[in-house]
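Participant: here's a sequence, model it:
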Amino acid sequence: MSNDKLSTSNVLSFRAGDWVEVRSADEILDTLDERGSLDSLPFMPEMLQFCGKRFQVFKSAHKTCDTIKNYRVPRRMANAVHLEGLRCNGEVHGGCQARCLLFWKTAWLKRVGGPEPDPTAKGSGMRGEVARRSRRCDMDALARATRAPAGNEEPEGDRYSCQATNILEATTPLRWWDARHYLTDLASGNVQLRDLIRYGALAAFNIVKRSFLLGRPYPDVRGLAGEKTPTEVLDLQPGELVKVRSKDEIMRTINANQKNRGLFFDVEMVPHCDKTYRVLARVERIIDEKTGRMMAVPGSCLILDGVACSGHFSTYRMFCPRSIYPYWREIWLKRVE
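Facilitator: The predicted structure follows:
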């Protein structure tokens with residue numbers, strides 16, 4: 001049985017909130033090609049710790065954003081979901097601290113009734129199907145697949161391969177005129193009807209404003225700092241309480257490109273202004289998704305617990321379920337004693 005046949009024969013209509021169990025490592029290895037991938041999506045060693053455990057589906061991963069080539073074109077992915085709270089710890093990828101939400105192919109999961117195992121449940125039967133064919137991926141191949149092959153003219157040093165760097169290979173572009181993915185957002189439970197109406201109306205309102213030059217779209221974010229942006233050192237540490245500064249305060253720290261010393265302040269961060277959160281982590285190094293190389297993040301850069309991109313206000317990634325952590329400069333935050 002081919003990998004393509006296997007990936008489509010195990011499609012499950014998972015919706016947000018469904019309970020699933022991650023299949024065993026042996027079962028998952030049997031679905032992978034020699035690059036440790038299924039449908040060009042890598043199964044990474046950091047995901048092995050979740051095998052045999054049960055989780056709720058966070059959202060269907062039927063679409064995602066393009067952080068590599070063209071952010072204006074969303075991408076479609078087949079037979080995949082995100083699971084609640086399961087993010088990459090970067091342990092096998094040079095200690096990358098991006099904490100990306102993991103993609104899970106439905107062939108790597110099986111439906112269960114709840115968080116506790118059912119003693120009367122029978123096995124999945126998948127092992128018997130795949131045992132009849134030879135395995136193309138083992139643990140060693142899985143580890144090797146975390147490094148991308150270097151070209152003849154590339155500089156020395158590791159170049160990493162992960163789900164984020166392979167997102168273009170694992171997806172296809174969504175056409176701007178094809179709105180069916182919004183119906184899938186609704187049917188899968190990714191988006192509630194009230195949010196579809198609310199943010200859909202806002203998106204239409206912004207399109208009219210842009211088309212007829214009626215002013216800046218909502219939420220209006222303008223950099224007022226000039227070319228040289230200010231900085232502030234608070235030495236914030238994980239676990240500390242912070243309050244996000246107001247939008248007006250933050251706009252005075254970013255330039256015309258909405259950046260402070262190279263770090264972008266996104267419209268998806270606006271709803272968190274004037275609210276209090278805990279620092280989840282300091283970010284010092286992440287994998288560049290375009291090149292696969294580890295890069296240092298200069299200056300203070302933090303992620304906040306429970307603060308991720310919602311896709312509610314973004315022009316080209318509306319309702320994207322990827323939930324990427326935005327990065328925060330310390331000057332955008334205030335310590336809460």
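Participant: so, low pLDDT: which residues of this protein?
Facilitator: Residue ranges of the chain with pLDDT under 70: 1-12, 118-134, 150-157.
Participant: give me that answer again for 80
Facilitator: For the chain, the stretches with pLDDT under 80 are 1-13, 118-134, 150-157, 176.
Participant: helices along that one, start to end?
Facilitator: Along the chain, counting by DSSP state H, helices occupy 3-9, 25-29, 126-130, 139-144, 180-187, 193-211, 247-251.
Participant: go through those helices and pick out the most buried.
Facilitator: Sort the helices of the chain by mean neighbour count, taking mean count of other C-beta atoms under 10 Å, and helix 25-29 sits at the top with a mean of 19. The way it works is simple: take the backbone N, C-alpha and C, and place the C-beta from them, glycine included.
Participant: chain center to it: distance?
Facilitator: Offset of helix 25-29 from its chain centre (C-alpha atoms, centre = their mean, to the nearest Å): 23 Å.
Participant: packing partners for it?
Facilitator: Under the contact definition 3 or more C-beta pairs under 8 Å, 6 or more residues apart in numbering; DSSP states H and E, helix 25-29 sits against helix 126-130, helix 139-144.
Participant: can you count the residues close to the closest residue to Gly95 other than its chain neighbours?
Facilitator: Spatially, and ignoring its direct neighbours in sequence, Gly95 is nearest to Arg285 (6.6 Å; C-beta to C-beta, 6 or more residues apart in numbering). Other residues near Arg285 come to 15 when the count uses other C-beta atoms under 10 Å.
Participant: just Glu240 next, same as before
Facilitator: Using other C-beta under 10 Å, Glu240 has 16 neighbouring residues.
Participant: show me the contacts for Met318.
Facilitator: When contacts are counted by C-beta atoms under 8 Å, 6 or more residues apart in numbering, Met318 touches 182, 199, 203, 311-312.
Participant: what does it show for phi and psi?
Facilitator: phi -60, psi 130 (degrees, to the nearest 10).
Participant: gap between it and Asp195?
Facilitator: Using C-beta to C-beta, to the nearest Å, Met318 is found at 11 Å from Asp195.
Participant: which neighbours do those two share?
Facilitator: With C-beta under 8 Å, 6+ apart, Met318 and Asp195 have common neighbours His312.
Participant: list the contacts of Glu169.
Facilitator: Contacts of Glu169 by C-beta under 8 Å, 6+ apart are Ser40.
Participant: and it, how far from Leu183?
Facilitator: In terms of C-beta to C-beta, Glu169 sits 26 Å off from Leu183.
Participant: same deal with Ser40?
Facilitator: Computed as C-beta to C-beta, the Ser40 to Leu183 distance reads 26 Å.
Participant: before we move on, what about Arg335?
Facilitator: 44 Å.
Participant: give the contact list for the closest residue to Lys275 other than its chain neighbours.
Facilitator: Sequence neighbours aside, Val244 is the residue nearest to Lys275 in space, at 5.7 Å (criterion: C-beta to C-beta, 6+ apart). Neighbouring residues of Val244 by C-beta under 8 Å, 6+ apart: 269, 272-277, 304, 328, 332-334.
Participant: same thing with Lys53?
Facilitator: Per C-beta under 8 Å, 6+ apart, neighbours of Lys53: 21-22.
Participant: how many other residues sit next to the closest residue in space to Pro230 that isn't next to it in sequence?
Facilitator: Distances taken as C-beta to C-beta, 6+ apart put Thr253 closest to Pro230, at 5.6 Å, once the chain neighbours are dropped. Neighbour count of Thr253, defined by other C-beta under 10 Å: 21.
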